[in-house]
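[1] model the following, please.
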Amino acid sequence: MIPKTFKEVIDLGDGREISIETGKLAKQAHGSVVVQSGKCMLLCTVVSNYKQSDVDFLPLTVDYREKFAAAGRYPGGFFKREARPSDGEVLTMRLVDRVLRPLFPKDYHAETQVMIQLMSHDENVMPDAMAGLAASAAIQLSDFPFECAISEVRVGRVNGELIINPTRAQLQDSDIDMVIGASADSVMMVEGEMDEISEDEMVEAIKFAHEAIKVQCAAQLKLAEAFGKKEVREYDPERADEELEKKVHELTYDKVYAIAKAGSAKHERSAAFEAIKEEVKATFSEEELEDFGDLVSKYFYKAEKEAVRNLTLDEGLRLDGRKTNEIRPIWCEVDYLPSVHGSSIFTRGETQALATVTLGTSRDANIIDMPSHEGEERFYLHYNFPPFSTGEARPIRGTSRREVGHGNLAQRALKGMVPEDCPYTVRVVSEVLESNGSSSMATVCSGTMAMMDAGVQLKKPVSGIAMGLISDAETGKYAVLSDILGDEDHLGDMDFKVTGTADGITACQMDIKVKGLSYEILVKALMQAKDGRLHILKHLTDTIEAPRAEVKSYAPKIVTKIIPGEYIGAVIGSGGKVIQELQKETNTTIVINEDPDTEEGIVEILGTDQAGIDAVIAKIDAVMFKPEVGSVYEVKVIKILDFGAVVEYTEAEGNEVLLHVSELAWERTDKVTDVVNLGDVIDVKYFGMDPRTRKEKVSRKALLPKPEGYVERPPRRDKGGDRRGGNRDRKPRRD
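    Reported below is the predicted structural model:
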């Protein structure tokens, strides 16, 4: 029996559509949809256990995977099976998770999984832009306690025109690449990169995206109504005790407020808060703590949050004593590590990042191999966040999703400033050594300085800042915070990271935790962020004013040489023999790629010794050397034979040709060494290919005057069958 299906279609306005369908696939999931645009199809399923987990948070897992079969391809590797998620898949998971998580009730702790799979790929559709829509649509069909429908769209701008969900080809010409997540009422998440746009242009793009999201949210609700929206499930709420909450508040609020107002350092402040918490616990018996000790901790943190927020809203002060627009003290240093290609330290308050730069060839590019996208990155950035950076000891289990996301944000912030003609593959690694607020923005700053220290000719330096927001819906008060602390991130209503040059924004990442954030507040945050960015940027340029003119003496120099495609094989040699021996002799790395458009060879020569690089260039020039018929060349005798001398063009070392004994002189030459000896440098004339011998012909005698009375004789075949010149075996005849 064919199942009954339900479908809604969203018109993108330019001949493109997005359809949402349910009822056909994965019906045992609590909600499932197929979202399709063109030939691109995403299957999203959602399941949530009916029993609450024994944790005090929502154990939500958002998983996004791209199946290689969707693009008609095999997975790479030995096992030919999809394995761990790629960075691109992880980034999509984060985009969806950041919008969904705040919309579940705070006391809902059931294990919940959202699984999104790319089942069919269309090269003209970027699937990550529809992942949020798919997730929300599936949840709307379930019985989950979930606040409202949301969606996500990508915004690009080509020739001044904003586009919803542009193709990858359109993005190549776009100066904006942003993904915006929102409900019908509120913008909740922004992430993307820009080509130095203004704050007003960014707000315009967000508004444009929000209008498209409203249409997509309405389509989800219409589909759920047609399908038959389920009743929201019941679940066991968290315990609550109003009297206990009031008691804890009375015991702690004033004390926490006083410590917050004192403006202390992170560890000192944390210890003081912990001491107050222990004092409160001491007012209860052991039996009482066993019964409701978890509530005491919960209500303490609630009072702490209220005190810190009120301090900022009422007095304009922050936990470390700063004003709302004040930046923490900054110090910077470059060239700190003596053996790396470039390095820098950026320290702002209690956040510190040490960045290193490594320069390489195209062989060192980061290969992207996803069903939806294949390519390579010649500039990439990796971010590491070890537990000691926050004074903790915890298990180390590989690169976290957070590290992937923060590294990607910093990479997007900087990549537009790396020149298109940069000959190197550039890898930046940020080691976060201390963290108390916005280590990703510290990474942007340290990455900028490290690349300048390495001699990468950045177009402009880039700085970054993290902004926060504390607001009160009842009173209408709000405070925009520059350079937020870690505690302000947790206790606040917005985490907004923005990077840019002196001329505009290059990247941003925003998570909004309150409903209905006005564009007025958003613009204020952006303008305050601009002031902060410029303040930080001055510290960077005071430390290193411009990129170093040259790479360091121990760093590799790289030279790129274009050769005709016909010579690629000759430079490589049979089985790679020529290029391998050349690399060994010159202590260089040589990479040859073929340009698919021109079929020319792009030769990259990397080495620390300029003499070695010059030797490689000379060898390539020798391989490509093509003498012109009728031209005269200087040659060096490198071998003596019975029937001539092997000579080498001095301007193309390694390019050899035979100078036959008959071409040494007009007179009969019985012995080659009567005319030339090993090491002699002489001039010869090039005649091209000799049709008789089918070998290249050069002549010394052609440059000498003919002896008086010399008569040419027709060639004859001697007894040995060799064809020789008429005067080869006799002296010149004189009249």
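
[2] going forward, measure contacts between C-alpha atoms and count neighbours the same way
    Fine.

[3] tell me where the model's unsure across this protein.
    1, 712-735 (pLDDT under 70).

[4] remind me, longest strand of it?
    The residue-count maximum for a strand in the chain (DSSP state E) belongs to strand 40-52.

[5] and that one, which strands flank it?
    Applying DSSP bridges to the sheet, strand 40-52 is found paired with strand 31-37 (antiparallel), strand 110-120 (antiparallel).

[6] right, and those - which one's nearest residue 214?
    Checking the strands paired with strand 40-52 against residue 214 by Cα to Cα gives strand 31-37 as the closest, at 17.0 Å.

[7] contacts for the closest one, please.
    Applying Cα atoms under 8 Å, 6 or more residues apart in numbering, the contact partners of strand 31-37 are 16-23, 25-26, 41-47, 125, 130, 134, 137-142.

[8] now, of those, which are buried?
    Among the contacts of strand 31-37, those scoring as buried are 18-23, 25-26, 41-47, 125, 130, 134, 137-142 (criterion: 16 or more other Cα atoms under 10 Å).

[9] tell me which of the residues you listed fall in helices.
    130, 134, 137, 138, 139, 140 (DSSP state H).

[10] which one of these is nearest residue 193?
    Nearest to residue 193 among these: residue 130, at 18.5 Å, using Cα to Cα.

[11] sec struct for residue 7, please.
    Here residue 7 is recorded as strand under DSSP: H, G, I helix; E, B strand; the rest coil.

[12] hey, what's it bridged with?
    Beta-bridge pairing for residue 7 (DSSP bridges): residue 21.

[13] one more: residue 428?
    residue 357, residue 381.

[14] how many neighbours does it have?
    Applying other Cα atoms under 10 Å, we find 26 residues neighbouring residue 428.

[15] so what's it up against?
    Counted by Cα under 8 Å, 6+ apart, residue 428 has contacts 355, 356, 357, 358, 380, 381, 382, 447, 451.

[16] same check on residue 594?
    565, 600, 601, 602 are the contacts of residue 594 under Cα under 8 Å, 6+ apart.

[17] what's the answer for residue 404, then?
    Applying Cα under 8 Å, 6+ apart to residue 404 gives the contacts 87, 90, 91, 382, 383.

[18] of the residues you listed, closest to residue 254?
    So of those, ranked by how close each gets to residue 254 (Cα to Cα), first place is residue 383, at 39.8 Å.

[19] element containing the closest one, please.
    Here residue 383, judged by DSSP states H and E, is contained in strand 379-384.

[20] helices or strands next to that strand in the packing?
    If you count contacts as 3 or more Cα pairs under 8 Å, 6 or more residues apart in numbering; DSSP states H and E, strand 379-384 packs onto helix 401-415, strand 425-434.

[21] which SS class is residue 465?
    Here residue 465 is strand, with the state taken from three-state DSSP.

[22] contact partners for it?
    Going by Cα under 8 Å, 6+ apart, the list of residues near residue 465 reads 438, 441, 482, 483, 497, 498, 499, 529, 532, 533.

[23] what does residue 340 give?
    Shown in contact with residue 340 (Cα under 8 Å, 6+ apart): 356, 357, 358, 555.

[24] who wins for neighbours among those residues?
    residue 356 (28 neighbours).

[25] just give the number of residues close to the closest residue to that one other than its chain neighbours.
    Leaving aside its chain neighbours, residue 356 sits nearest to residue 343 (4.4 Å; criterion: Cα to Cα, 6 or more residues apart in numbering). Counted with other Cα under 10 Å, the neighbours of residue 343 add up to 29.

[26] same thing with residue 198?
    Applying other Cα under 10 Å, we find 18 residues neighbouring residue 198.

[27] hmm, back to that, could the contacts of residue 428 go into JSON lines alongside distance to residue 185?
    Output for the contacts of residue 428, formatted as JSON lines (distance: Cα to Cα, whole Å):
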{"residue": "355", "distance to residue 185": "41"}
{"residue": "356", "distance to residue 185": "43"}
{"residue": "357", "distance to residue 185": "44"}
{"residue": "358", "distance to residue 185": "46"}
{"residue": "380", "distance to residue 185": "36"}
{"residue": "381", "distance to residue 185": "36"}
{"residue": "382", "distance to residue 185": "36"}
{"residue": "447", "distance to residue 185": "37"}
{"residue": "451", "distance to residue 185": "42"}
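
[28] roughly how far apart are residue 118 and residue 126?
    As for residue 118, its distance to residue 126 is 11 Å (criterion: Cα to Cα, to the nearest Å).

[29] hmm, I typed the wrong one, I wanted residue 576.
    40 Å.

[30] equivalent analysis for residue 596, please.
    As defined by Cα to Cα, residue 596 lies at a distance of 25 Å from residue 126.

[31] then residue 361?
    Distance, residue 361 to residue 126, by Cα to Cα: 30 Å.

[32] just to check, residue 625 is in contact with residue 653?
    No. Contact criterion Cα atoms under 8 Å: residue 625 and residue 653 do not qualify, at 9.4 Å.

[33] just the helices from the stretch 101-250 of the chain, written as ranges.
    Taking DSSP state H, counting those that start in this stretch to define them, one finds helices in the stretch 101-250 of the chain at 128-140, 168-172, 199-227, 242-262.

[34] to residue 503, which of those lies closest?
    Nearest of the helices of the stretch 101-250 of the chain to residue 503, taken as Cα to Cα: helix 199-227 at 10.7 Å.

[35] just checking, what packs against the closest one?
    Partner elements for helix 199-227 (3+ Cα pairs under 8 Å, 6+ apart): strand 6-11, helix 128-140, strand 150-158, strand 161-164, strand 176-183, helix 519-543.

[36] between strand 150-158 and it, find me the angle.
    Interaxial angle, helix 199-227 versus strand 150-158 (axes from the mean of the first three to the mean of the last three Cα atoms, to 10 degrees): 140 degrees.

[37] in the stretch 501-650 of the chain, which spans are helices?
    519-543, 568-572, 577-586, 610-624.

[38] can I get the contacts of residue 404 in a markdown table with neighbour count?
    Shown next, in a markdown table, are the contacts of residue 404 (neighbours: other Cα atoms under 10 Å):
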| residue | neighbour count |
| --- | --- |
| 87 | 15 |
| 90 | 20 |
| 91 | 20 |
| 382 | 20 |
| 383 | 26 |
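
[39] now stretch 35-47, how far from the centre of its chain.
    Taking Cα atoms, centre = their mean, to the nearest Å, one finds stretch 35-47 lying 26 Å from the centre of the chain it belongs to.

[40] got it, and stretch 192-206?
    20 Å.

[41] now the end-to-end length of that stretch.
    Start-to-end span of stretch 192-206 (Cα to Cα) is 11 Å.

[42] for that stretch, buried residues please.
    Those would be 192, 193, 194, 195, 196, 197, 198, 199, 202, 203, 205, 206, for stretch 192-206 by 16+ other Cα under 10 Å.

[43] how close does the spatially closest residue to the first one that is not a sequence neighbour get to residue 132?
    Just to be clear, that refers to residue 192. Using Cα to Cα, 6+ apart and skipping residues adjacent in sequence, the residue nearest residue 192 is residue 178, 4.0 Å away. From residue 178 over to residue 132 the distance is 14 Å, taken as Cα to Cα.

[44] contacting residues for the closest residue to residue 634 other than its chain neighbours?
    Nearest residue to residue 634 in three dimensions, chain neighbours excluded: residue 683, at 4.5 Å (Cα to Cα, 6+ apart). Residue 683 makes contact with 632, 633, 634, 635, 700, 703 under the criterion Cα under 8 Å, 6+ apart.

[45] again, only this time at 10 Å
    Applying Cα atoms under 10 Å, 6 or more residues apart in numbering to residue 683 gives the contacts 632, 633, 634, 635, 636, 649, 698, 699, 700, 701, 702, 703.
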